[in-house]
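A.B. asks: My questions are about this predicted structure, shown below with the sequence.
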Amino acid sequence: MPMLRALIAAFALCVASLVHADDVADAQRLLQGGQPEAALARAEAALAQRPNDASLRFTRAVALMDLARDAEALDAFQRMTQDYPELPEPYNNLGLLYARAGRLEEARVALETALRNDPAHRVARRNLGDVLLRLALQAWEGADAALPGDPELQRRIRIGRELAASPR
């Protein structure tokens, strides 16, 4: 009888894992299909059963970000960095939200944290490059405003703006 209970418990655990994987996969599929509202609803419904599931919380936050509900997404990612400080993805997405809001120093710090957590995180590295370029442009534009007419500085500003405006 104890062996049967153990098998039943193991089976129930496997089924629960599959259901969990389906919830995350379904929500992510909806996101990739351009349906962030449906993805958000799916993630929130699953989170009602598993409120501490990191994958579901991340997917929910990405859906909020895709819906341009930046304040809610920012809060969700900040909470994830508190609960899962070792994960790079919430920091990367915080960096994107900060950059989108023009908070470039905060974006830089968040992206550098993502890279400390995972030095091979290519997306965070690329996003950090974009933020550093925007910070450089701010510095060059400030220098140009203080002392206009430097042709080398004008060239840097022009090239920097072209790079910043180029599509990903």
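C.D. replies: Sure, I can see it.
A.B. asks: Just want the most central residue of the chain.
C.D. replies: Nearest to the centroid of the C-alpha atoms of the chain, with distances taken as CA atoms, centre = their mean, sits Asn93, at 2.0 Å.
A.B. asks: and that one, what is it in contact with?
C.D. replies: Ala61, Val62, Met65, Ala73, Phe77 (CB atoms under 8 Å, 6 or more residues apart in numbering). Using the backbone N, CA and C atoms, a C-beta is placed for each residue, glycine as well.
A.B. asks: Would you reformat those residues as TSV and include secondary structure and distance to Arg155?
C.D. replies: Conversion of the contacts of Asn93 to TSV gives the following (DSSP: H, G, I helix; E, B strand; the rest coil; distance: CB to CB, whole Å):
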residue	secondary structure	distance to Arg155
Ala61	helix	40
Val62	helix	38
Met65	helix	35
Ala73	helix	37
Phe77	helix	37
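A.B. asks: Was I right to think Ser55 contacts Val24?
C.D. replies: Yes: counting by CB atoms under 8 Å, Ser55 sits close enough to Val24 to count as a contact (4.6 Å).
A.B. asks: in the protein, what secondary structure element scores lowest on mean pLDDT?
C.D. replies: The least trusted helix or strand in the chain, going by mean pLDDT, DSSP states H and E, turns out to be helix 2-32, with a mean of 61.
A.B. asks: Show the secondary-structure elements that the helix or strand following that helix is packed against.
C.D. replies: Of the helices and strands lying after helix 2-32 in sequence (DSSP states H and E), the nearest is helix 36-49. Using 3 or more CB pairs under 8 Å, 6 or more residues apart in numbering; DSSP states H and E as the contact criterion, the neighbours of helix 36-49 among helices and strands are helix 2-32, helix 54-66.
A.B. asks: Averaged pLDDT, helix 36-49. What do you get?
C.D. replies: Model confidence over helix 36-49 averages 96 on the pLDDT scale.
A.B. asks: Could you list the buried residues of stretch 56-74?
C.D. replies: For stretch 56-74, burial by neighbour count (16 or more other CB atoms under 10 Å) applies to 56-66, 69, 73-74.
A.B. asks: where are the low-confidence patches of this protein?
C.D. replies: Low-confidence segments of the chain, defined by pLDDT under 70, are located at 1-21, 168.
A.B. asks: how does it divide into domains?
C.D. replies: Recorded structural domains for the chain (assignment: the TED database) are 15-84, 104-167.
A.B. asks: tell me the most buried of these?
C.D. replies: domain 15-84 (a mean of 17; mean count of other CB atoms under 10 Å).
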